[in-house]
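# Any chance you can model this:
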Amino acid sequence: MITSPFILRFKRMEREEKKAYSMAIFSIFAIVIFGIFAIRPSIATAIKLKENASSYSEIDKKMTQKLEDLEIAQSNYNLLKQERVFLLKKIPDGRDEAGFVREISFTAAKHSVSITNISLENSGQTESATSKETTRSVYFTFSGKGSYKDLMDFLGEVQKSPRAVNFNFVEYQNELNSDEATLEIKGSLYYL
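Next up, the predicted model:
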């Protein structure tokens, strides 16, 4: 029978020595088993958590940026909402052509301008891309006579009108050897 030198040496040892070596071998064996089944998964978990922590910090940065962008978008929306309310005040629900003619006549009388040839005609409609509201407009044309200063004051006040008015064409003619001038205006009047 062939025996290894280690086994022969182990057989010659005293009982206490055998106990000590056996304990050392079993301790080493236990440490290896413990390392394989307990410490290794813990270390692997720690490595995975570290990797996840870096990806979570990136996600946190992205979410923080998105929150900041949403706050900016909310403030922009609030500004646009205020402007929309302002525009809706300037654009009446109906045509109200008579109200516009009254307003022009009143403003003209206030500035000593005589109005002639007021004409109104339907121009069509425009649908908003972001809203279901449709804006319609009426073309208007009128002429006015008065002094240059009165005509310019009249034109400025009509532009500041509480209604949405767009001037497409304004022509000013000064008559020779006279303080009188003529102002012809073509434009659009908007309503919902």
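
# roughly how far out does stretch 86-101 sit from the chain middle?
A distance of 29 Å separates the centroid of the chain from that of stretch 86-101, by Cα atoms, centre = their mean, to the nearest Å.

# Show me the contact partners of that stretch.
118, 120, 135-136, 138, 140, 162-164, 189-192 (Cβ atoms under 8 Å, 6 or more residues apart in numbering). Bear in mind the C-beta positions are built from the backbone N, C-alpha and C, glycine included.

# Let me see the contact set for the spatially most central residue of the chain.
Note on the chain: the residue nearest the mean C-alpha position is A73, at 3.6 Å, using Cα atoms, centre = their mean. A73 makes contact with no residue, according to Cβ under 8 Å, 6+ apart.

# hang on, it is in a helix, isn't it?
Yes: with DSSP: H, G, I helix; E, B strand; the rest coil as the criterion, A73 is assigned to a helix.

# quick one, helices of this protein?
Listed in chain order, the helices of the chain (DSSP state H) span 5-12, 15-34, 40-90, 97-110, 148-159.

# tally of neighbours for the residue nearest to G146 when sequence neighbours are not counted?
Distance criterion Cβ to Cβ, 6 or more residues apart in numbering; nearest residue to G146, sequence neighbours excluded, is V113 at 3.9 Å. Under the neighbour criterion other Cβ atoms under 10 Å, V113 is assigned a count of 22.

# same question, V138
Using other Cβ under 10 Å: V138 sits among 18 other residues.

# Tell me how far S188 lies from F142.
S188 sits 13 Å away from F142, going by Cβ to Cβ, to the nearest Å.

# The two: which has the busier surroundings?
Applying other Cβ under 10 Å to S188 and F142 shows that F142 carries more neighbours, namely 20 against 15.

# Which residue comes closest to that one once chain neighbours are left out?
Excluding the flanking residues, the one nearest F142 by Cβ to Cβ, 6+ apart is I118, at 4.3 Å.

# how much space between D96 and Q159?
In terms of Cβ to Cβ, D96 sits 19 Å off from Q159.

# swap in T116?
Taking Cβ to Cβ, one finds T116 at 20 Å from Q159.

# quick revisit: so what's the residue nearest to F142 up against?
Taking Cβ under 8 Å, 6+ apart, one finds 101, 104, 140-142 in contact with I118.

# what's around K62, how many residues?
Applying other Cβ under 10 Å, we find 10 residues neighbouring K62.

# Report pLDDT for it.
K62 is assigned 92 on the pLDDT scale.

# ok, now which ones touch it?
Here K62 is in contact with no residues (criterion: Cβ under 8 Å, 6+ apart).

# got it, and M152?
Contacts of M152 by Cβ under 8 Å, 6+ apart: none found.
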